[in-house]
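**Q** My questions concern the predicted model and sequence given below.
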Amino acid sequence: MCNSALSCCSDRIIVQDKVCTNWQLADAGTQIIYSDNISQDITGTGYVKFAIGTGSLTVNFFKTGIVAAIQTIVIPVGGSSSFTVARFDTISLTSTAAAQGEFCITVRYNL
């Protein structure tokens, strides 16, 4: 309810969830690290840390129905990167060799 002379937006319920985990790729390849299972437009803020491995790690943010990644981050070994991305539903990690690190994301979406 709006009780002001200023215009107001309709009331919305916004939910926020946080997930943090260690990840590991045993060999070169791609692994899905996050997948949205609620079919909502979400916004995510977080980081990916590439602690152990060789070469670089590629982080891709995808939206179903779009062939190319909507955002890509390349992280060198020993590095990390933070992100804020909107309107995605899947995050993948790709490495050219065995790799390990940490992933943390806070997602926000409307109910």
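**A** Nice, thanks for sending it over.
**Q** burial of residue 27, as a residue count?
**A** Around residue 27 there are 9 other residues, counting by other Cβ atoms under 10 Å. Using the backbone N, CA and C atoms, a C-beta is placed for each residue, glycine as well.
**Q** That one and residue 97, how far apart?
**A** 7 Å (Cβ to Cβ, to the nearest Å).
**Q** Between those two, which contacts overlap?
**A** Residues within reach of residue 27 and of residue 97 at once, by Cβ atoms under 8 Å, 6 or more residues apart in numbering: there are none.
**Q** Report how many residues lie close to residue 53.
**A** That count, for residue 53 with other Cβ under 10 Å as the rule, works out to 20.
**Q** Quick check: closest non-adjacent residue to it.
**A** Leaving aside its sequence neighbours, residue 53 sits nearest to residue 99 (Cβ to Cβ, 6 or more residues apart in numbering; 3.3 Å).
**Q** who's in contact with the one you found?
**A** Applying Cβ under 8 Å, 6+ apart to residue 99 gives the contacts 24, 25, 50, 52, 53, 54, 57, 77, 93.
**Q** Could you double-check that the third one lies in contact with residue 94?
**A** What that stands for is residue 50. No - using Cβ atoms under 8 Å as the test, residue 50 is too far from residue 94 to be in contact (11.5 Å).
**Q** who touches both of the two?
**A** Common neighbours of residue 50 and residue 94 (Cβ under 8 Å, 6+ apart) are residue 57.
**Q** For the two, indicate the residue with more neighbours.
**A** residue 50 (24 against 17).
**Q** Can you pull out the low-pLDDT segments for the protein?
**A** Scanning the chain for pLDDT under 70 picks out 1-10, 39.
**Q** ok, now with 90
**A** Low-confidence segments of the chain (pLDDT under 90): 1-17, 36-42, 55, 64-69, 108-111.
**Q** all strands for it, in order.
**A** 14-25, 29-35, 42-53, 56-62, 71-76, 80-88, 90-95, 99-110 (DSSP state E).
**Q** just checking, what packs against the first one?
**A** Here strand 14-25 is seen to pack against strand 29-35, strand 90-95, strand 99-110 when contacts are counted using 3 or more Cβ pairs under 8 Å, 6 or more residues apart in numbering; DSSP states H and E.
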